[in-house]
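Trainee: Predicted model and sequence below, questions to follow.
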Amino acid sequence: MTRAGAILRAIVSDSEAANYQNVVETPIDRILRKISRLDLSGGEHFERYMLHKWRMNHKPSTLKGSFVALSSFLIFYEGTGKSQIEEIVSNDLEAFIEHEQDRELKVTTVRTRLHCLFAFLRFLIEQDIIDGRILKRKITLKVPDFLPRAIAPGDIRKILSVIKEVRDRALILVLLRTGMRIGEVLRLNIRDLDVRERKIHIYEGEKNCLGRVVYLSDDAVMALGLWLKKKEKGKAYLFPGLKGNLCYTSARNIFVKYLREAGLQQKDYTIHSLRHTFASELLNAGMRLECLQLLLGHRDIEMTRRYARLTDKSRQEEYFRAMEIIEQGGIHGTY
């Protein structure tokens with residue numbers, strides 16, 4: 001609880017304090033309260049670490065991920081019979097990984113939790129709480145390098161053909177034509193939109209806090225224009241919901257509904273596939289990787305390069321041009 005919350009509780013009734021707390025409570029307040037309720041071994045170090053991340057201005061989603069990963073580890077650690085966090089050894093980390101794998105979590109999830117745990121351990125080492133040798137040999141999980149799953153051009157046409165709702169068409173075309181992450185689109189404010197200049201300002205990227213500008217195609221501008229005429233005035237969010245902005249679950253359900261109406265429900269497309277489709281189509285149209293990287297908001301161009309592995313029209317054309325020479329007997333010499 002914040003100091004202001006503690007003072008308030010001392011001078012008003014519990015119900016009034018609870019109502020006030022619901023208004024002013026920050027993400028770190030909620031996390032600290034949960035840690036206190038868990039009553040774990042090393043809980044005081046856990047609290048200090050989460051406060052450290054809060055002071056470092058980590059996003060609420062990052063804090064939540066760290067809380068889930070570290071509480072999972074500390075609950076497991078306590079279950080092994082150890083009561084002091086200072087007793088952690090490398091074998092405890094390996095046993096935790098096996099425990100998470102036995103629960104059939106995805107390898108990407110286990111790796112993320114392991115990275116959160118390493119960051120926590122580094123904090124404890126810097127505080128002289130545990131021996132630094134525990135991270136001398138880090139555990140590395142091999143994660144499959146999956147290709148992004150884009151939507152086939154014919155399937156895109158099918159999806160767009162069944163969308164009748166003005167709002168839904170604007171939502172899906174903005175995702176498809178800008179490559180924005182769904183969380184970025186749902187947080188869009190009307191003032192972030194510049195229809196005249198045909199661009200959207202993203203002041204803080206969802207995953208890496210990297211701001212950028214994206215642009216609007218003709219069909220996206222037209223869909224947004226129709227939606228803005230119909231949208232209720234006074235709502236700050238571009239896609240408002242019952243409380244604030246439209247939530248992720250509602251947006252996902254909209255996309256799934258149109259997949260079903262287009263007869264594509266068996267193809268395992270997700271709403272994030274619209275972002276993959278955006279990237280793949282621009283590469284096929286000849287856009288340079290460096291430009292695509294900026295539009296997608298990737299810090300590392302290797303992230304963008306995955307789409308070149310997925311589909312690259314120039315590479316395809318070069319293959320068939322070379323194969324035609326081979327098939328016509330145009331290759332001479334020995335190997």
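Mentor: Structure received. All values derive from a computational prediction rather than experimental measurement.
Trainee: what about the strands in the protein?
Mentor: 193-194, 199-202, 212-215 (DSSP state E).
Trainee: Include mean pLDDT, distance to I172 and mean neighbour count when you put those strands into CSV, please.
Mentor: Bear in mind the C-beta positions are built from the backbone N, C-alpha and C, glycine included. Formatted as CSV, those follow (pLDDT from 0 to 100; distance: least, Cβ to Cβ, whole Å; neighbours: other Cβ atoms under 10 Å):
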stretch, mean pLDDT, distance to I172, mean neighbour count
strand 193-194, 92, 16, 16
strand 199-202, 92, 15, 18
strand 212-215, 92, 15, 16
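Trainee: in the stretch 201-335 of the chain, which segments are predicted with low confidence?
Mentor: By pLDDT under 70, the low-scoring segments of the stretch 201-335 of the chain are 205-209, 310-314, 333-335.
Trainee: Helices along that one, start to end?
Mentor: For the stretch 201-335 of the chain, applying DSSP state H, counting those that start in this stretch gives helices covering 218-230, 248-261, 273-284, 289-296, 301-310, 313-327.
Trainee: Nearest approach to L121 belongs to which of the ones you listed?
Mentor: With Cβ to Cβ as the measure, helix 301-310 is the member of the helices of the stretch 201-335 of the chain nearest L121 (26.7 Å).
Trainee: which helices and strands sit right next to that closest one?
Mentor: Applying 3 or more Cβ pairs under 8 Å, 6 or more residues apart in numbering; DSSP states H and E, we find helix 301-310 packed against helix 273-284, helix 289-296.
Trainee: okay, these, which one's buried deepest?
Mentor: helix 273-284 (a mean of 22; mean count of other Cβ atoms under 10 Å).
Trainee: outside of that helix, which residues touch it?
Mentor: Residues from elsewhere that reach helix 273-284, judged by Cβ atoms under 8 Å, 6 or more residues apart in numbering: 148-151, 153, 156, 172, 175-181, 255, 289, 292, 295-296, 304, 307-308, 310-313.
Trainee: thinking again about what came up before, for C247, which of the helices and strands packed on helix 301-310 is the nearest?
Mentor: For these, the distance to C247 is smallest for helix 273-284, at 17.4 Å, taking Cβ to Cβ.
Trainee: sorry, back to before: just the helices of the stretch 201-335 of the chain: most buried one?
Mentor: helix 273-284 (a mean of 22).
Trainee: Domains in this protein, by residue range?
Mentor: Listed domain ranges for the chain are 40-135, 153-317 (source: automatic domain parsing).
Trainee: could you redo those as TSV and give each row distance to R30?
Mentor: Formatted as TSV, those follow (distance: least, Cβ to Cβ, whole Å):
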stretch	distance to R30
domain 40-135	9
domain 153-317	18
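Trainee: okay, the helices of the stretch 201-335 of the chain in a markdown table with distance to H45 next?
Mentor: Below are these laid out as a markdown table (distance: least, Cβ to Cβ, whole Å):
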| stretch | distance to H45 |
| --- | --- |
| helix 218-230 | 49 |
| helix 248-261 | 33 |
| helix 273-284 | 38 |
| helix 289-296 | 38 |
| helix 301-310 | 34 |
| helix 313-327 | 51 |
